[in-house]
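In: here is the input, now give the coordinates:
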Amino acid sequence: MSDTQAEVILPTQDLRGDIGFFTKQLGMRMDMIYPADDPAVAVFSGHGLAVRLDAGLDAAAGRVLIRCDNPEEFAAGALELTAPGGTQVAIEALQQPVVMPETVHSFVVRRLKDQAPWVIGRAGMHYRDLIPDRLGGSIIASHIRIPDGGPVPDMVHYHTVGFQLIFCYRGWVDLVYEDQGEPFRLHAGNCVIQPPEIRHRVLFASDNIEVIEIGVPAEHVTTIDHTMELPNGPANPARVFQGQRFVHHKADEAVWQPFRIGGFQSRDTTIAAHTDNVAGVHVVRRGTGAPEWTSHNSDILFTFVMDGTMTLEGEGREPYNLEAGDAFVVPPAMQVRYRDPSDDLELLEVSLPGAFTTQTGES
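Out: The predicted model follows:
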């Protein structure tokens, strides 16, 4: 098979001036130029890019983005440049920091029977948005399903996030993670967190698999890693990824304890302890005693109804009768009560931060 080479073609109004700009200021090499007596085309390569400048190309000026470890040391520290021939060049950091938008607090109730649209996302998965306003971009909560089981057309990838949870709601899915050993099966009722930029891949799914995925912030970058093969080794399960450790919580090993709200009990997934309190995740079910009116001071408090029914009462609001597949967000300081929980009620609660204060009081 013959070699294949690709180039980006950009117009130039000053090819002679561009030669010095691309080679000296941008540190690229010139690979070709013609004709010799009156150059009109030149090709430059470097930083993973090949650019063909063509003085005869009738098009708008192009724009080149160069990402590097130390932008202040590249091109004498300039972050925006314009080549003599008109090409615009932007310089930015290779590793962009995660920007956490300020939370726009609101009371949100999302019911499955309202038939919010399912959209087809990455790797053919179906997504349903559980927080339509995304609290100002601070969080995305998705109900994800794969109708047909079998191999998943996924690739090794990672997410630039502040926090990410995968909770298996129905069925099972086979996963593999960087430094966590061999692939494993995530069963219904179990969950994992994906620390920032941990490489991973979805391998195989049961029929009608459903998961709840939480991502902070709502908009975050997914990057394909074309070089890493998983599983990798040797395993290093205690590795810290930007302050967080990988967690695989298993329901059959968990201990049920009294919940922060009277009348309920919960199992702690230990995620708060492994993320330095970035987030906390609890599975909640009915306990003993009557449900109480409470309020909280968590920045974000999201709940998904996994099984059973309950009535959500909130100050100044009409009660909501909730069932499996419904979700809600309670803003700070708002008084609510989880009334009439069924015996089979099971909730998934996600808080950011992991530790916060709950106050009990009458509405």
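
In: ok, the closest residue to Gln265 other than its chain neighbours - contacts?
Out: The shortest distance from Gln265 to any non-neighbouring residue, by CB to CB, 6 or more residues apart in numbering, is to Gly287 (3.9 Å). No exception for glycine: its C-beta is placed from N, CA and C like everyone else's. Gly287 makes contact with 258-259, 262-265, according to CB atoms under 8 Å, 6 or more residues apart in numbering.

In: roughly how far does Gly287 sit from Ala324?
Out: Gly287 is 19 Å from Ala324, where distance means CB to CB, to the nearest Å.

In: which non-adjacent residue is nearest the residue most central in space within the chain?
Out: Nearest to the mean C-alpha position of the chain, by CA atoms, centre = their mean, lies Gly215 at 4.3 Å. Spatial nearest neighbour of Gly215, chain neighbours left out: Ile140 (4.7 Å); criterion: CB to CB, 6+ apart.

In: helix or strand with the lowest mean pLDDT in this structure?
Out: strand 119-120 (a mean of 84; mean pLDDT, DSSP states H and E).

In: sheet-wise, list the partners of it with their directions.
Out: Its sheet considered, strand 119-120 pairs with strand 126-129 (antiparallel) by DSSP bridges.

In: and the contacts of the partner strand?
Out: Contacts to strand 126-129, defined as CB under 8 Å, 6+ apart, come from residues 110, 116-121, 140-147.

In: pick the one among the residues you listed closest to Asn277.
Out: Closest approach between these and Asn277, by CB to CB: Ala141, at 19.9 Å.

In: wait, doesn't the closest one sit right on Phe328?
Out: No. At 10.4 Å, Ala141 does not count as touching Phe328 under the criterion of CB atoms under 8 Å.

In: neighbour count for these two, which is higher?
Out: Neighbour count, other CB atoms under 10 Å: between Ala141 and Phe328, Ala141 has more, with 28 against 22.

In: tell me what the more buried one is bridged to.
Out: In beta-bridge terms (that is, DSSP bridges), Ala141 pairs with Ile214.

In: which residues touch it?
Out: 129-131, 212-215, 302, 304, 327, 350.

In: the residue nearest to Gln244 when sequence neighbours are not counted and Phe167: what is the separation?
Out: Nearest residue to Gln244, sequence neighbours excluded (CB to CB, 6+ apart): Pro195, at 3.9 Å. Pro195 sits 16 Å away from Phe167, going by CB to CB.

In: what do you get for Gln25?
Out: Distance, Gln25 to Phe167, using CB to CB: 50 Å.
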